[in-house]
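1. Just need the structure, nothing else, for what follows:
(4 chains, ligands or ions: 2)
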Amino acid sequence: MKPMFSPAEIRKDFPIFSKVMRGGNRLVYLDSGATSQKPFQVLDAERNFYEQNNAAVHRGAHLLAEEASIAYEGARQVLADFLNAELDEVIFTKSATESINAIAYSFGNTAPGSRFALKPGDRIVVSELEHHANLIPWQQLAKRTGTELVWFSIDAEGRLDQSNLNELINASTKVVAITHQSNVLGTIIPLDEIVKRAHSVGAVVVLDACQSAPHFAIDVKALDIDFLAFSGHKALGPTGVGILWGRSEYLNEMEPFLTGGSMIESVTMTEAKWAPSPKRFEAGVPNMAQAVGFAAAISYLNNLGMDNVAKHEKDLTAYALNKFKQLDKVKLIGPKDNVDRGSVISFTIEGIHPHDVGQVLDQYGVAVRTGHHCAWPLMRKLGLVGTTRASFYVYNDEADVDALVDSVLQAQKYFKV
Amino acid sequence: MKPMFSPAEIRKDFPIFSKVMRGGNRLVYLDSGATSQKPFQVLDAERNFYEQNNAAVHRGAHLLAEEASIAYEGARQVLADFLNAELDEVIFTKSATESINAIAYSFGNTAPGSRFALKPGDRIVVSELEHHANLIPWQQLAKRTGTELVWFSIDAEGRLDQSNLNELINASTKVVAITHQSNVLGTIIPLDEIVKRAHSVGAVVVLDACQSAPHFAIDVKALDIDFLAFSGHKALGPTGVGILWGRSEYLNEMEPFLTGGSMIESVTMTEAKWAPSPKRFEAGVPNMAQAVGFAAAISYLNNLGMDNVAKHEKDLTAYALNKFKQLDKVKLIGPKDNVDRGSVISFTIEGIHPHDVGQVLDQYGVAVRTGHHCAWPLMRKLGLVGTTRASFYVYNDEADVDALVDSVLQAQKYFKV
Amino acid sequence: MELDSLYQEVILDHYKHPLNKKLQSDFTAQVHHVNPSCGDEITLNVNISAGIVKSVSWDGVGCSISQASTSIASDLMIGKSLDEALKIVDSFSDLMSSKGTMVGNEEILEDGVALAGVSKFPARIKCALLGWMAFKDAAIQSSKN
Amino acid sequence: MELDSLYQEVILDHYKHPLNKKLQSDFTAQVHHVNPSCGDEITLNVNISAGIVKSVSWDGVGCSISQASTSIASDLMIGKSLDEALKIVDSFSDLMSSKGTMVGNEEILEDGVALAGVSKFPARIKCALLGWMAFKDAAIQSSKN
Ligand SMILES: Cc1ncc(COP(=O)(O)O)c(C=O)c1O
Ligand SMILES: Cc1ncc(COP(=O)(O)O)c(C=O)c1O
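-> Ligands and ions are numbered 1, 2, ... in the order given. The predicted model follows:
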C-alpha cells in the first residue's frame, strides 16, 4: 500500500485554495459532494490537449486527428482500469445525469422481445435515498412504458430497509436503480443481497456511483452490477464529462440513445445501423479535452491510492462525527456511527434555517451546501425542509472540520439560538 | 464596421500553431469544419473559472457558488446576444448532436394534444444535405411515432432543389429540420421560402447551424426560425459544449429531455414538475467551465466582427476556388461559384482515393478531412465514396491555400496520376 | 462584517415574529409558490375587493430572508390600492436587482429597505422575492376571478 | 519521408493491379464489411472445402491501403489450410498493432510485410485490416455452414 498522503501537501496542487474568501478568510471547501476542486494536473492535461493535439477524433488521417484519438482512447483505458472494466464498456457522457438518462432512454427505445424492452406489468425499483438524477429518469421511463415504479424505504437513521427485499424485487422486476452512497446522508448501501436477488429474477442493477467512485475503489466485476454512472467533476475532474459503464453484451443489445455522427455502421436517408459499443453511445464530436482531463484526475487519485483516499475520509468523518455529537442544539441527520458511511455530514441547527446557516458559514470561508440536495423526496420522508451538508475530500483535514464547528457556533451566536 | 483582422496576427493567439508537424512542416489547419482550434483567451477563461470560481451553479449560498452562477449565466447572456435571442431561450448542451436529439426526444415525449406531439400521418422534412446528426434523430423520431420522413433533393452542384417546396412541406408537416450550410459542400440554404411555407402549414423549423453560426452573423429573430443548434468546438470554443436555442413559448410547452437535478419545480417519489426554460432543459451540474470558455470564444469572434469573419472567409474561398479550377484532374464537388456558399472546398483527385490524398497532405502539414464527412446519404447521391475537404476559418490565409494546392500537386506526383 | 448588511435587526425581528403568518379563509385568490433550488414553500392568500387590498395572509417554510421579506411585504400591502401595491412590488424588484447600488426608498418600501443588502448576495435574491412574487401572482389572479 | 514507409512500391502495385478482385460465384460464404469512419466497403467470397481455402475473391471500394491489403490477403490465403490461413491473419493483426516495432515475418506474410509501416499510422490500421477481417469472418461463417 502507498504511504498516506498529506492534505496540506495536496492543497498546493489546487490553485483555488490560494483564493481569499469573504471576511478575508481562507477557503474551507466542504462542498465536494456537489462538485470537487481540480488540481493543476487536470487543468494542464486539458490545456495540453488543446495546445498540442486538438482535432476531431476518429475522423481524420492527419497527425492531430491521430494524436487526439490516441489521447481520447487512452483516457477511456484509464477509466476502464479504474473500474476494473473492459475498454469497450466505458462510454464518455457529459455527466452522470446523462449516463442514467441514456440507460433509461435506451431501454425505452429497445424493440419488444429484448430483455430491456419494458412493458406494463414490469417493475422498476429505486429507493427513497435517490438523487433526482436517479429517480426522475425512471419515473419518466415508467410513465412512457406503463411500468410500475416502487422503492426501498429507509429507517430513521437513513439506512436502507432491506427487510422487504424479496417482495420489492419480484419476478416482474426488470431494473433496480440504486445509489451507492447517499449524497445527503452518506449512507453506503450494501449491494450484495440486492444484486443477488435482482439477478435471480432476471433484473439488471444500475448503480449511481456519483458519491462512491470518487471516494473508494470500485470494481464492477466484484460488485457484479450491470450498469454504473458517475461524473468527472465530483472526482477532481473537469465539468462536462461523465461515465456510463455497462456490460458489453448488454450495451451491444441495447438501442442507442443519442444518434448522429460516429455512432453508425451505415446510413441511408431512411435507415441507420449502429456501431458496436462504445461508439454506439458516443454520437457527435465527443468532449475530448474533458475526457483527457478526467483521466488525469483519475491518475491523480490512483497516485494517492484509492484505499488511502477512503481511509483518509473515514478518519476525518470519525473526527467530525465526534465533534458534532458534542454540539448543542445541532442534530446529525443520517447514520451516527461510522460504518457503511461516507464522508458526508448532514445536520440541522435548532432555530436556524439551513440557508441561513450556510450564509453565516460562508462569512467564515466555509463552503457547504444547504437545502434539499436534489433529494426532495428524502427530505419529505425525514420531515425536513433541508439540511446543511458538509462533504469531505482529499484536500480536507481536521483543521477544516474545526473551522466548520467554529462557524456553526458563530451561527448560533449570530442568530441568538 | 471594425477594421479587417490579419490571420497572421490571429494565429499568435493560438498556441497549436507553434507545433511542428510531420516532415518538419508548419501546421496548415484546414479542418475547422470538423473542429476549430482554440485561442489562449478561451483556454484562459476556462482555467480561470476552475482556479477562481469553481462550484456547482444554482445550488449553494456560498461565495464560489455565487460566482460560478454569475459566470455561467453571464456566458448564457453572451450566447443570447450572439444569436439575438432572449436569455431564457438559450440552453447549454454538450454538443449540437445533443441539441438536435433533445428537440427530437422532447417532441416525442410530449403528450397528445400539444403541437409537438407527432402521430402517424404527420410528416418530418429534412434534406439530402444533412449531417447524420440532423438526419438520424429524425429517422428515429419518425420510427418511434409512426411519422413519415421526406426530404429535399439536391441538384448536380449540391444546391437544394426547392421546386417541390409546396408538396414537400404540406399540411401534414410538423417539423422541417434543415442544415444552414452543408458541412461537405459549403452550400448555404436560402431559408426564407422554407420558413414561410413551414409556418403557413403550422410546422416548426429546426436549423442545424453548426457550419453557419461560427462563420457569419445569425439573427434568430430575422431568420424567423423556431429552433437552432450549434457546437462550441467549431466556433473557437471548448469541446463538450453546444447550444440549443428555441422560442421560449415552445420550450415551455415542451416536455424536457434529460431529467434530474436542477430542472424541476417540485419532486415526489412518483411525480415531478418542471422548471421553466432554460433550467427545464439543463438537468444536472452543467458543463460550467465549457460554457464560460464558449462565451470567451464568442467574445473573441465578436471582437473580430462576424461580418469581417464572413468577408475574410468569402475572399479566401474565392481565391481557393480560382486556384482549384486551374488544377488538372481535380474535381470540385459542390457549388463552383461563390454565391450562397461557405468556406468549405470539397474535391476529388482522379486516381487517388480521398484517404490517400489526406495522407499525402498530412506529410506536408496540411490537415484536411477525408471520407463521407458524416453525410453518407449525400455521398451516395453524388455517386462518390468520399471527398477531400478543406475548410477555412479566421486563422487561415492565402498561404494556407497555396500550401494546400502545392500538396495536392505532390499527391498527384506521388501517386503518378 | 458583510453578514450584517444581509441580516439587519429588522429582518431578524420579522423572522422571529412574522406578521400575517396565519392563513385567512376569506380570500379572493390563493397561490402556492416554491423556491425549487432550496425548497422554500409559501401559501399566500389575498383578499382584494373594489381595487383595495383588504388582507394578505400566508404560511410557509423558509429561511429568515424569505420569511422576513414575506412578513414585510404582507404588512406593506394591506390597505393599499391594487395599483399602488403592484408599484411597490416593482420598486422592491428593482432594489433586489441593484447589486448593492441602491438603498431603496423608505417612503415606499418602509421596512423593506432593510432588505437592500440582499441584492449583494445573488443566491438570496430569490429568497427575498418569494413572498412578493407570490403576492403579485395572487393579486393578478384575484383581478381575473 | 514518413510517407514512403506507408506506401511501399509493392502496395502501389497491388493497388493498381489488385489480385482476385472479381467475385466468384461458387463461394461457401460471402461477407460484406464496411469501414464506417471512411466509407470503405468490401464484399468478399470464400470457397473453403475439406479444410482448404479453394478460392478468395472480392470487390469493393477503398483507399490504396485497403485495396492493396485485400489483394495481398486474398493471394496469400488461396491454397492454405483453414488453420494456417487463420494463423496468418493473426500474425498480420499482431503486425498491425505493433506501432512500428515489428517488421513482420516474410515467410508467413509474404507481400504482407510491405504493410508493416501502416502500424505507425493509427488511422490507417483499419484500412489495412478490412480485407483480412472480412476473410476471417467469411472463413468462420463457411465452417459453420
Ligand atoms: C452540419 C453539421 N451538423 C451537425 C454536426 C454535429 O456537431 P457535433 O459533432 O459537434 O455535435 C456537425 C459537425 O460534426 C456538422 O457539420
Ligand atoms: C448521488 C448523485 N447522483 C447523481 C448526481 C448527478 O450528477 P451530475 O449532476 O454530475 O450529473 C449527483 C450529483 O449531483 C449525486 O450526488
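
2. Could you report the neighbour count for the closest residue to chain B within chain C?
-> Per C-beta to the nearest C-beta, C:A123 is where chain C lies closest to chain B, at 4.6 Å. From N, CA and C alone the C-beta is placed, and that goes for glycine too. C:A123: 24 surrounding residues under other C-beta atoms under 10 Å in any protein chain shown.

3. what's the distance between the residue nearest to it when sequence neighbours are not counted and B:G261?
-> Leaving aside its sequence neighbours, C:A123 sits nearest to B:A61 (C-beta to C-beta, 6 or more residues apart in numbering or on different chains; 4.6 Å). Counting by C-beta to C-beta, to the nearest Å, the gap from B:A61 to B:G261 is 17 Å.

4. Check which helix or strand whichever residue of chain C sits closest to ligand 2 maps to.
-> The minimum distance from chain C to ligand 2, using C-beta to the nearest ligand atom, falls at C:S37 (13.0 Å). For C:S37, there is no host helix or strand (DSSP states H and E).

5. So the spatially closest residue to it that is not a sequence neighbour: helix, strand or coil?
-> Nearest residue to C:S37 in three dimensions, chain neighbours excluded: B:H58, at 5.6 Å (C-beta to C-beta, 6+ apart). Recorded secondary structure, B:H58: coil (DSSP: H, G, I helix; E, B strand; the rest coil).

6. What count of nearby residues applies to C:K144?
-> Neighbours of C:K144 using other C-beta under 10 Å come to 7.

7. for it, what are its contacts?
-> By C-beta atoms under 8 Å, 6 or more residues apart in numbering or on different chains, no residues touch C:K144.

8. May I see the buried residues of stretch A:298-313?
-> A:I298, A:S299, A:Y300, A:L301, A:L304, A:G305, A:M306, A:N308, A:V309, A:A310, A:H312, A:E313 (16 or more other C-beta atoms under 10 Å in any protein chain shown).

9. which of these come close to chain D?
-> Counting by C-beta under 8 Å from any C-beta of the partner chain, the subset of the buried residues of stretch A:298-313 that neighbours chain D is empty.

10. Now tabulate those residues in TSV and tack on pLDDT.
-> Below are those laid out as TSV (pLDDT from 0 to 100):
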residue	pLDDT
A:I298	98
A:S299	98
A:Y300	98
A:L301	98
A:L304	98
A:G305	98
A:M306	98
A:N308	98
A:V309	98
A:A310	98
A:H312	98
A:E313	98
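
11. So of those residues, which two are at opposite extremes in space?
-> A:S299 and A:E313 (19.3 Å; C-beta to C-beta).

12. Just say helix, strand or coil for C:S57.
-> Once three-state DSSP is applied, C:S57 turns out strand.

13. Do the helix or strand containing A:Y300 and ligand 2 come into contact?
-> Using DSSP H and E, A:Y300 sits in helix A:288-304. No - between helix A:288-304 and ligand 2, judged by C-beta under 6 Å from any ligand atom, nothing touches; the nearest distance is 12.0 Å.

14. now for the helix or strand that that helix is followed by, which elements pack on it?
-> Elements were assigned by DSSP H and E; along the chain past helix A:288-304, the next helix or strand is helix A:306-325. If you count contacts as 3 or more C-beta pairs under 8 Å, 6 or more residues apart in numbering or on different chains; DSSP states H and E, helix A:306-325 packs onto strand A:330-333, strand A:344-349, helix A:398-414.

15. And the helices in the chain, which stretches?
-> Went with chain A since none was named. Taking DSSP state H as the criterion, chain A carries its helices at A:7-11, A:40-48, A:63-83, A:96-109, A:136-145, A:165-168, A:192-200, A:220-223, A:248-251, A:288-304, A:306-325, A:354-363, A:376-382, A:398-414.

16. wrong one, I was asking about chain C
-> C:2-6, C:9-16, C:64-77, C:82-96, C:106-109, C:122-144.

17. and among these, the most buried is which?
-> helix C:64-77 (a mean of 26; mean count of other C-beta atoms under 10 Å in any protein chain shown).

18. touching chain A at all, it?
-> Yes - for helix C:64-77, a contact with chain A is found by C-beta under 8 Å from any C-beta, at C:S64, C:I65, C:Q67.

19. So the last one sits against C:Y15, correct?
-> In this case it means C:Q67. Yes - C:Q67 lies in contact with C:Y15 (C-beta atoms under 8 Å); the separation is 5.1 Å.

20. okay, now C:G51: neighbour count?
-> Per other C-beta under 10 Å, the neighbour tally for C:G51 reads 12.

21. How many neighbouring residues does A:T147 have?
-> Neighbours around A:T147, by other C-beta under 10 Å: 22.

22. so what's C:A116 closest to, chain neighbours aside?
-> Per C-beta to C-beta, 6+ apart, closest to C:A116 is C:G104, 4.8 Å.

23. Next up, the contacts around the one you found.
-> C:G104 touches C:S91, C:F92, C:L95, C:G112, C:V113, C:L115, C:A116, counting by C-beta under 8 Å, 6+ apart.

24. which residues touch the one helix or strand in chain C whose mean pLDDT sits lowest?
-> The least trusted helix or strand in chain C, going by mean pLDDT, DSSP states H and E, turns out to be helix C:2-6, with a mean of 90. By C-beta under 8 Å, 6+ apart, the surrounding residues in contact with helix C:2-6 are A:22-23, A:359-360, A:363, A:414, C:65, C:116-118, C:120-121, C:124.

25. Looking at those residues, which is nearest A:Y393?
-> A:R22 (21.3 Å).

26. Distance check, C:L109 against chain D.
-> Separation of C:L109 from chain D (C-beta to the nearest C-beta, to the nearest Å): 64 Å.

27. Is that residue in contact with C:S93, as I believe?
-> No - the criterion here is C-beta under 8 Å, and C:L109 misses it with C:S93 at 11.0 Å.

28. domain ranges for chain A?
-> A:7-30+A:305-414, A:44-302 (automatic domain parsing).
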